[in-house]
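**Q** pasting the sequence and the predicted coordinates here, then a few questions.
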Amino acid sequence: MILVFGGTTEGRRAAEVLEEAGTPYFYSTRTDGQAVELVNGTRLSGGMDVPQMVDCCRRHAIRLIVDAAHPFAEELHRNLLFVAKHIGVPIVRYNRLFPPRDETLTWCKGYHDAITKLEAQGIESLLALTGVNNIGTLRPYWQRHQCWVRILNRSFSQMVARKASFPEDHLVYYEQDDTRQLLEQLKPQAILTKESGESGGFVEKVEAAKAMGVKVFVIERPEYPPRTPNPQNVHIEYVNGPHGLRRAVEQLLPEFFPLHSGLTTGTCATAAAVAQAIRVFRGQTPEQVPVVLPDGETIHVPVTYADGYAACIKEAGDDPDVTGGLEIRAKVERSERFEIASGEGVGTITLPGFDYPAGSPAINKGPREMMRRNLGDRPLRVTISVQGGAEAAKRTFNPRLGIEGGISIIGVSGIVKPFSEEAFIDSIRKCMTIAKASGSARVVINSGGKSERFVKSLYPDLPAQAFVEYGNYVGEALKMADQLHIGRVTLGVMLGKAVKLAAGHLDTHSRKSTMDLGFIGQMLAEAGVGIDISGITLARELWERMPADRLQPFCDVVIGHCREHCAPLLPQGQLTILLIGDDGTIYSQSQEHPQGR
């Protein structure tokens, strides 16, 4: 069992990650103030001291603590380290993303240091954005100078301010993105804020102050782990984003997630390049290297080294990926500019429709940008190669897409979630883009290889790139066709998916939609078919029970209902819908003649 200490943006994101597992966990906050949706998680509210934490962990058999608390919650951090050491469990510290330190700001070691520096610089009017809990600590300043404090508009915060005897007329209440407005209204000489990270609005506060010519004083975030108690013998994993959290949980508590995530080929190539650059320029060979993902978070990726290159083994996780286990290598050399080249096992683009022209290495824009960002855009030549890439590429879409000689180095997020909808939809989009670029007069979308083989006989002159698999995502594929201004689309669908599509389910996956016997009965009645369907469990059983003379009327009805839901997604194009029998027989509506379109 996992226990999350949240109450922050990071806490909410941690809950979102853990919810993906469908496994029970606990989510603890000091108050009920934070709105967070939990389906599998159990909410625990109220502050706990160390004995209560230990008791909670033992009662609920906690085996992993996720510390997603605020960076300034020093007492809680210390307590969690003590508890983890006492009961022998690891901690995952979910840090915030922090921007690089801006040396034009005045950095303070604490509130007393801030008061000293404020007065030393002659600041007579201040807007404090540090919250209500430190209003008493700032007393020596606001008793001698003009000071406004921004707090949350809630009774607890108001009570704390009154208890500290802070002037009520100098309280201002927090509203979303109101810093610029407050500065224009109050005209302070300076603001005081915490180094609260990107999710704490730090960047926005600083930018607003700078735009108004207002000085910025910053309370530096406390170090983690705190100096006391000694965290020795506590295993701590550091993450600063959802992907890193999931990977940490998969490592420390493997059974929590039924399916494990993996790394894209782009992340593996970047890790290998970073490792080899560290080796070339620093003479070091770390076992893991940090990789900044496109969303800004950092993960640590294992690497190896050999003569002249560093390597990373492609992690597929539980995703059915033919590239899983391949060794992706990177060679790094000094150059006149930053450039990326391909070696053995990386494909070459031969058709239009990609981010780069024909003849370029099949390394997508996302991975290129990842490598550039992680290597600092230095004048380097990075050569990526993949052992066994040419053979593995034969079992991918690459031959159809016109990528020859190896696999593609791809990845949008940098992480592969098992059976990821995002990844599959992205592959549909790429195939649709290639189909458009092929110049084909028509694009034929099918649920899979079987239906495609049957439909191909109707369009023998279309190039291979004109045939696109949509899996279960009929709606997404049609929307993409409209966005790409594809004029003619043929939709091939077998009966199992067709009865769902006819009922309006544009995603036909079994977890999203099921066969509706009542609606099938309605369609049979519309077609004048009087058969008993009470015992069927699969739609294809209808083919066996259907009277031969009612086949076409039934197909007309099914296709007609499919058209009602699909045609609006392709308003500027012509849509042909083909219903495919198990034996390969293809049915169109009576008035349609797909071969002639």
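**A** All right, it came through fine. All values reported here derive from a predicted model rather than from experimental measurement.
**Q** number of nearby residues for residue 495?
**A** Using other CB atoms under 10 Å, residue 495 has 24 neighbouring residues. C-beta coordinates here come from the backbone N, C-alpha and C atoms, glycine included.
**Q** tell me the spacing between the nearest residue to it once chain neighbours are set aside and residue 526.
**A** Nearest residue to residue 495, sequence neighbours excluded (CB to CB, 6 or more residues apart in numbering): residue 539, at 4.7 Å. Distance, residue 539 to residue 526, using CB to CB, to the nearest Å: 16 Å.
**Q** who does the least confident helix or strand in the chain by mean pLDDT touch, helix- and strand-wise?
**A** Between all helices and strands in the chain, the lowest mean by mean pLDDT, DSSP states H and E belongs to helix 398-401, at a mean of 76. Under the contact definition 3 or more CB pairs under 8 Å, 6 or more residues apart in numbering; DSSP states H and E, helix 398-401 sits against helix 421-437.
**Q** which residues sit against stretch 540-555?
**A** Contacts with stretch 540-555, where a contact means CB atoms under 8 Å, 6 or more residues apart in numbering, come from 494-496, 520, 523-524, 527-529, 531-533, 536, 579, 581-582, 587-590.
**Q** apply 6 Å and report the result again.
**A** Here stretch 540-555 makes contact (CB atoms under 6 Å, 6 or more residues apart in numbering) with 495, 527, 529, 531, 579, 581, 582, 587.
**Q** can you count the residues close to the fifth one?
**A** Meaning residue 579. 24.
**Q** same deal with the last one?
**A** Here the count is done by other CB under 10 Å, and residue 587 has 20 residues near it.
**Q** over to it: give its phi and psi.
**A** Torsion angles at residue 587 (phi, psi; degrees, to the nearest 10) stand at phi -120, psi 130.
**Q** picking that back up, roughly how far apart are the residue nearest to residue 495 and residue 501?
**A** 11 Å.
**Q** when those two are compared, which one has more neighbours?
**A** A direct count of neighbours by other CB under 10 Å for residue 539 and residue 501 places residue 501 higher, at 28 against 19.
**Q** pull the residues that contact the helix or strand containing that one.
**A** Secondary structure from DSSP states H and E places residue 501 in helix 495-502. Contacts to helix 495-502, defined as CB under 6 Å, 6+ apart, come from residues 447, 474, 508, 513, 515, 520, 539, 540, 558, 561, 562, 579.
**Q** if we go to 7 Å?
**A** 447, 474, 493, 508, 513, 515, 520, 523, 538-540, 542-543, 558, 561-562, 565, 579 (CB atoms under 7 Å, 6 or more residues apart in numbering).
**Q** sorry, back to before: what kind of secondary structure is the residue nearest to residue 495 in?
**A** coil (DSSP: H, G, I helix; E, B strand; the rest coil).
**Q** okay, residue 566: pLDDT?
**A** pLDDT recorded at residue 566 is 93.
**Q** and it, what element?
**A** Using DSSP H and E, residue 566 maps to helix 551-566.
**Q** show me what the following helix or strand past that helix pairs with in its sheet, parallel or antiparallel.
**A** Next along the chain after helix 551-566, taking DSSP H and E as the criterion, comes strand 574-580. Strand pairing for strand 574-580, determined by DSSP bridges: strand 488-494 (parallel), strand 586-587 (antiparallel).
**Q** out of those, which is the most enclosed?
**A** strand 488-494 (a mean of 24; mean count of other CB atoms under 10 Å).
**Q** and it, how far out from the chain middle?
**A** Strand 488-494 sits 31 Å away from the centroid of its parent chain (CA atoms, centre = their mean, to the nearest Å).
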